[in-house]
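Colleague: Predicted structure and sequence below. I'll ask about it afterward.
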Amino acid sequence: MTTNIGFIGLGIMGKPMARNLRKAGFPLIVYNRSRPAMDELAAEGAALAQSPRKLAARSDVVITMLPDSPDVAAVLRGADGVFAGARPDTLLIDMSTIAPGVARELAAEAASHGLPMLDAPVSGGDKGAIAGTLSIMVGGESAAFERAQPLLSALGKTITHCGASGSGQLVKACNQVAVAVIIGAVAEALELGQRAGVDPEIVLRVLGGGLAQNRVLELRGPNMARGVFEPGFKARLHQKDLNIVLDTAASSGAALPFTRLASQGFAALIANGQGDLDHSALLTVLHAIEQPS
Ligand code: NAD
């Protein structure tokens, strides 16, 4: 049986993900708040919907890839939202990074409409979204997870059922801790090298061949060394994730001192009006700090 997929949220991540689903042979219907991304996918053969409600009425599976918790809640709950249009048993998969508690609330509400729902946030960045190699962490019922497998396989390589509803988002919070601290570490290594008069290309080459090797260094290091901070992953979205992390830390009793420092760095970047730069622009915050001599 053909599975019609409705995809809502065609940004840096959503657009290439939707494209990969179409390439894998799934009939695709798309909706986005702004029009150009919709037109781009329509030119490639996707059908367009005028609202999330209309999209849901024509879909067997609805995927959302939106910035934050309130965006997902509005797209699902609104008068023109997914809950209002979906036929019973339509599978909802939210792949945005949102608060675990909101993910659980929305899944419970979806269930009351007869709609199974998974939280399935991703890691791997825009490059992973384009290549279809994302790591996807899934929370929700096993039956819904099994149903989602064929289409998640078109989007990612590492697909993990983490447990009950909300647990995909909890694992994503752990992921964002590691990425934030690694960005801080790579930025400090480059900052030290530059201030001490070492060629950043040499720093990158040497670190990339030893114990300090990591994906941030590999994917973002060259642009960081050149001072190029096109997103990628916007700093304000990473700060949104660190707010989720710090709320989760407060309720679970985890002390995360390094994450707090990284979060202060992102806050400074956003206060400078640079929240739409890539999160690796954390380096510019270090550049701006003058050490007392
Ligand atoms: P983005 O800002 O590039 O895209 C968001 C898209 O959602 C935009 O096209 C916007 O028009 C659309 N949108 C917003 N509100 C909407 C609404 N109410 N109805 C319909 N469309 C709406 O963001 P992104 O980088 O693609 O990130 C999306 C999600 O994925 C976020 O939760 C982010 O934290 C997460 N994420 C991003 C990356 C990355 O590297 N960019 C990696 C992993 C996870």
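Modeller: Structure received. What you see is a predicted model; the values in this text were computed from it and never measured.
Colleague: From here on, just use CA atoms for contacts and neighbour counts.
Modeller: Noted.
Colleague: can you give me phi and psi for Gly156?
Modeller: Dihedral angles of Gly156 (phi, psi; degrees, to the nearest 10) stand at phi -150, psi 170.
Colleague: residues touching it, list them.
Modeller: Gly128, Ala129, Gly132, Thr133, Leu134, Ser135, Ile136 (CA atoms under 8 Å, 6 or more residues apart in numbering).
Colleague: from these, which would you call buried?
Modeller: Gly128, Ala129, Gly132, Thr133, Leu134, Ser135, Ile136 (16 or more other CA atoms under 10 Å).
Colleague: Pick the one among the residues you listed closest to Leu92.
Modeller: Ile136 (15.2 Å; CA to CA).
Colleague: Can you check my assumption that that closest one lies in a strand?
Modeller: Yes - secondary structure of Ile136 (DSSP: H, G, I helix; E, B strand; the rest coil): part of a strand.
Colleague: ok, it to Pro27 distance?
Modeller: 22 Å (CA to CA, to the nearest Å).
Colleague: Surely Gly139 touches Gln169?
Modeller: Yes - taking contacts as CA atoms under 8 Å, Gly139 lies within contact range of Gln169: 7.4 Å.
Colleague: shared neighbours of those two, anything?
Modeller: Asp119, Ala120.
Colleague: quick one: the strands in the stretch 51-200 of the chain?
Modeller: Here the stretch 51-200 of the chain has its strands, by DSSP state E, counting those that start in this stretch, at 61-64, 91-94, 117-119, 122-123, 134-139, 156-163.
Colleague: got the residues of this structure near the ligand?
Modeller: Residues of the chain found near the ligand (CA under 6 Å from any ligand atom) are 8-14, 32-34, 65-68, 71, 75, 96-97, 122-123, 125-126, 232-233, 237.
Colleague: Keep only those of these that are in helices.
Modeller: Mapping the residues of the chain next to the ligand onto helices (DSSP state H) picks out Gly14, Asp71, Val75, Gly125, Asp126, Leu237.
Colleague: would you turn those residues into CSV with neighbour count and pLDDT?
Modeller: Output for these, formatted as CSV (neighbours: other CA atoms under 10 Å; pLDDT from 0 to 100):
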residue, neighbour count, pLDDT
Gly14, 24, 98
Asp71, 16, 98
Val75, 20, 98
Gly125, 17, 95
Asp126, 20, 95
Leu237, 18, 98
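Colleague: Looking at those residues, spot the one nearest the ligand.
Modeller: Distances from the ligand to those, taken as CA to the nearest ligand atom, are shortest for Gly125 (3.4 Å).
Colleague: was I right about that closest one contacting Met13?
Modeller: Yes - using CA under 8 Å, Gly125 makes contact with Met13 at a distance of 7.4 Å.
Colleague: In a strand, Gly6, correct?
Modeller: Yes - using three-state DSSP, the assignment for Gly6 is a strand.
Colleague: Can you spell out which residues form a bridge with it?
Modeller: For Gly6, the beta-bridge partners are Ile29, Val62 (DSSP bridges).
Colleague: Show the contacting residues for it.
Modeller: Per CA under 8 Å, 6+ apart, neighbours of Gly6: Leu28, Ile29, Val30, Tyr31, Leu55, Ala56, Arg58, Ser59, Asp60, Val61, Val62, Ile63.
Colleague: got the domain boundaries for this structure?
Modeller: 5-165, 170-287 (automatic domain parsing).
Colleague: I'd like those laid out as CSV, including distance to Ser293.
Modeller: Shown next, in CSV, are the domains of the chain (distance: least, CA to CA, whole Å):
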stretch, distance to Ser293
domain 5-165, 39
domain 170-287, 13
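Colleague: which one of those domains is the most hemmed in?
Modeller: Of the domains of the chain, the one with the most neighbours on average (mean count of other CA atoms under 10 Å) is domain 5-165, at a mean of 20.
Colleague: roughly how far is that one from the heart of the chain?
Modeller: 12 Å (CA atoms, centre = their mean, to the nearest Å).
Colleague: Just the terminal-to-terminal distance for it.
Modeller: First-to-last residue span, domain 5-165, CA to CA: 21 Å.
Colleague: TSV for the ones in helices among the residues of the chain next to the ligand, including distance to Asp89?
Modeller: Below are those laid out as TSV (distance: CA to CA, whole Å):
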residue	distance to Asp89
Gly14	23
Asp71	23
Val75	18
Gly125	31
Asp126	31
Leu237	32
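Colleague: Pick the one among those residues closest to Gly193.
Modeller: Gly125 (26.4 Å).
Colleague: got the CA coordinates for stretch 60-68 in CSV?
Modeller: Output of stretch 60-68 as CSV, limited to C-alpha atoms (Å, rounded to 0.1, in the frame of the first residue of the first chain):
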residue,chain,number,x,y,z
ASP,A,60,-1.1,8.5,6.0
VAL,A,61,1.9,9.9,7.9
VAL,A,62,2.5,13.5,9.0
ILE,A,63,6.1,14.7,9.8
THR,A,64,6.8,18.0,11.5
MET,A,65,10.3,19.7,11.4
LEU,A,66,9.7,23.0,13.1
PRO,A,67,11.8,25.3,15.3
ASP,A,68,10.4,25.0,18.8
